[in-house]
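quick one: sequence plus predicted model below, questions after.
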Amino acid sequence: MPTHVIVLAAGQGKRMMSDLPKVAHKAAGRTLIGWVLEAVHPLEPANTVVVLGHGADEVLDHLPPGVTTAIQERQLGTGHATNVGLGALGDVTNDDTILVLYGDMPLLGPELLARLVERPEDVAARMVTSVFDDPTGYGRILRDDSGNVVEVVEERDCDDAQRAIGEINAGVYAFRAKDLIDTLADVSNDNAQGEYYLTDVVGILVGRGQRLQPVEATPQEVIGINSQHQLAEAQAVLQARTNRRLMESGVWMLDPDRTYIDDSVIVEPGARIYPGVHLEGETKVGAGAQVGPDVFALDSSIGAGSTVWYSVLRGAIIGEDCEVGPFASLRPGTVLEERSKVGTFVETKNTTLGQGAKAPHLAYLGDAKIGARTNIGAGTVTCNYDGYEKHETTIGEDVFIGSDTMLVAPVTIGDGAVTGAGSVITDDVEEGALAIERSEQREIRGYSQRRAERQATKKAED
């Protein structure tokens with residue numbers, strides 16, 4: 001029978017101490033709700049509804065296509081939220097399975113959910129349970145003398161004996177549609193919170209003689225995120241999974257515990273990753289590339305055989321066999337073609353370096369096109385901004401830009417041209433020409449002696 005999914009994600013998450021909705025927080029490059037939907041995806045559900053409340057607009061930006069949303073205008077409990085989700089599911093037949101889970105459980109695996117939805121026809125509901133050393137904060141599972149689940153009691157409503165129970169309700173269920181719909185109508189809000197608990201459905205089903213089945217999971221799988229501390233713990237688990245997957249594919253890592261790679265990043269086999277590397281967003285690293293130590297790369301591409309170390313890349317494209325760093329900053333729009341180099345303390349923005357071109361050190365290159373095999377001397381600046389607009393600098397192939405050259409855009413330097421060190425270039429330079437712009441050097445003889453005499457005289461007068 002078809003499976004339908006309701007993800008409860010309307011909570012504010014006050015313990016996160018953040019203006020960002022809880023399920024919109026990220027771990028290992030994906031939002032909490034994103035991880036849950038990723039685990040659900042292999043089930044190929046007929047419908048998936050995410051129930052939103054606090055910060056709905058911010059959460060909507062992180063939902064994939066094909067997901068339906070429903071808004072819980074008033075926060076009246078999980079039972080009420082489930083009813084809101086049911087209203088948005090569309091056509092559901094009595095024997096369909098409805099999977100209900102929370103949007104703040106990023107460690108849920110698709111294997112666990114696949115087991116859960118394999119509901120026998122004579123079972124009204126299956127529910128995920130787990131045994132915790134410290135069950136604080138979770139509803140407790142009550143069983144009868146035969147070991148059957150008979151009730152879930154929320155912690156606020158537990159007596160001392162019930163609080164001592166280690167088996168908890170994970171809040172993940174697979175219901176027969178008819179049984180869920182019928183029992184939700186009988187859930188009351190007569191409890192410490194004055195809310196409609198989805199957990200009360202368990203006791204109602206048992207009271208009607210319906211059959212329930214628990215599905216046990218490890219504590220790690222079912223942890224919900226309610227604080228920044230728990231978010232960091234989940235991040236560590238997810239990061240370890242990503243790093244292990246990459247290493248099993250042939251990626252070398254010197255210290256996986258100090259390597260931070262988003263789940264969305266592609267790292268090809270044979271790449272070498274050193275400690276302190278952060279790869280985020282849609283970043284890609286080619287085979288044989290060496291990244292790190294201490295590299296931050298966001299939405300960037302590092303070509304095969306290239307080396308990037310002690311540097312920051314944002315929206316940059318690095319070709320094959322290039323070298324970047326140490327201490328380089330490549331801003332959006334930077335393109336390094338094959339065998340080019342951006343070295344120590346060089347910043348680039350919206351700039352292309354052609355094949356074999358190099359800026360070894362101490363330069364700013366903004367809004368520039370630099371031809372193949374051109375050398376950019378230390379201290380070079382493309383003066384691209386006039387206070388109102390940005391302008392482009394075009395440098396041809398096989399050009400030698402002398403140290404401390406100011407290229408005042410818009411300006412074009414022809415192929416094979418040379419600029420003298422210390423020049424301020426404001427006009428175009430022809431191919432093969434030498435451009436020098438600096439005042440004549442003057443030499444004042446005896447200056448140091450006269451300066452010392454003046455200082456001595458002033459000191460004596462004081």
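Received it, and whenever you're ready, just let me know what you need.

what segments of the chain are helices?
For the chain, applying DSSP state H gives helices covering 32-40, 56-60, 78-89, 110-116, 160-163, 177-184, 200-207, 228-248, 447-461.

hey, C-alpha coordinates of the first one in CSV?
Spelled out, that is helix 32-40. Below are the C-alpha coordinates for helix 32-40, written out as CSV (Å, rounded to 0.1, in the frame of the first residue of the first chain):
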residue,chain,number,x,y,z
LEU,A,32,17.9,19.5,10.0
ILE,A,33,14.7,19.3,8.0
GLY,A,34,16.8,18.6,4.9
TRP,A,35,18.4,15.5,6.6
VAL,A,36,15.0,14.2,7.6
LEU,A,37,13.6,14.6,4.0
GLU,A,38,16.8,12.9,2.7
ALA,A,39,16.1,9.9,4.9
VAL,A,40,12.5,9.8,3.7
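
how about low-confidence regions in this structure?
Across the chain, nothing is flagged by pLDDT under 70.

in a markdown table, list the helices of the chain along with distance to Met406 and mean neighbour count.
For the C-beta atoms, the positions are set from N, CA and C on the backbone; glycine is no exception. Output for these, formatted as a markdown table (distance: least, Cβ to Cβ, whole Å; neighbours: other Cβ atoms under 10 Å):
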| stretch | distance to Met406 | mean neighbour count |
| --- | --- | --- |
| helix 32-40 | 47 | 23 |
| helix 56-60 | 45 | 16 |
| helix 78-89 | 62 | 21 |
| helix 110-116 | 58 | 17 |
| helix 160-163 | 73 | 10 |
| helix 177-184 | 72 | 19 |
| helix 200-207 | 73 | 21 |
| helix 228-248 | 44 | 16 |
| helix 447-461 | 28 | 9 |
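
a markdown table please, covering those and showing distance to Glu323.
Output for the helices of the chain, formatted as a markdown table (distance: least, Cβ to Cβ, whole Å):
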| stretch | distance to Glu323 |
| --- | --- |
| helix 32-40 | 35 |
| helix 56-60 | 40 |
| helix 78-89 | 53 |
| helix 110-116 | 41 |
| helix 160-163 | 61 |
| helix 177-184 | 60 |
| helix 200-207 | 62 |
| helix 228-248 | 23 |
| helix 447-461 | 44 |
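
among those, which is nearest Gly292?
Of all the helices of the chain, helix 228-248 sits nearest to Gly292, with 13.3 Å by Cβ to Cβ.

what's the angle from that closest one to helix 32-40?
With axes from the mean of the first three to the mean of the last three Cα atoms, to 10 degrees defining the directions, helix 228-248 sits at 50 degrees from helix 32-40.

who touches helix 228-248?
16-18, 25, 27-28, 30, 35, 106-107, 220, 223-225, 253, 256, 259-263, 267 (Cβ atoms under 8 Å, 6 or more residues apart in numbering).

among the residues you listed, name the buried ones.
Neighbour counting over these (16 or more other Cβ atoms under 10 Å) leaves 16, 25, 27-28, 30, 35, 106-107, 223-225, 253, 256, 259-263, 267 as the buried ones.

ok, back up a step: which stretch among the helices of the chain comes nearest Pro410?
Minimum separation from Pro410 across those (Cβ to Cβ) falls at helix 447-461, 40.8 Å.

in space, what's closest to Glu381 - neighbours in sequence excluded?
You called it Glu, but residue 381 is Val. Tyr364 (4.8 Å; Cβ to Cβ, 6 or more residues apart in numbering).

against Gln355, how distant is the one you found?
22 Å (Cβ to Cβ, to the nearest Å).

right, I'll leave it there.
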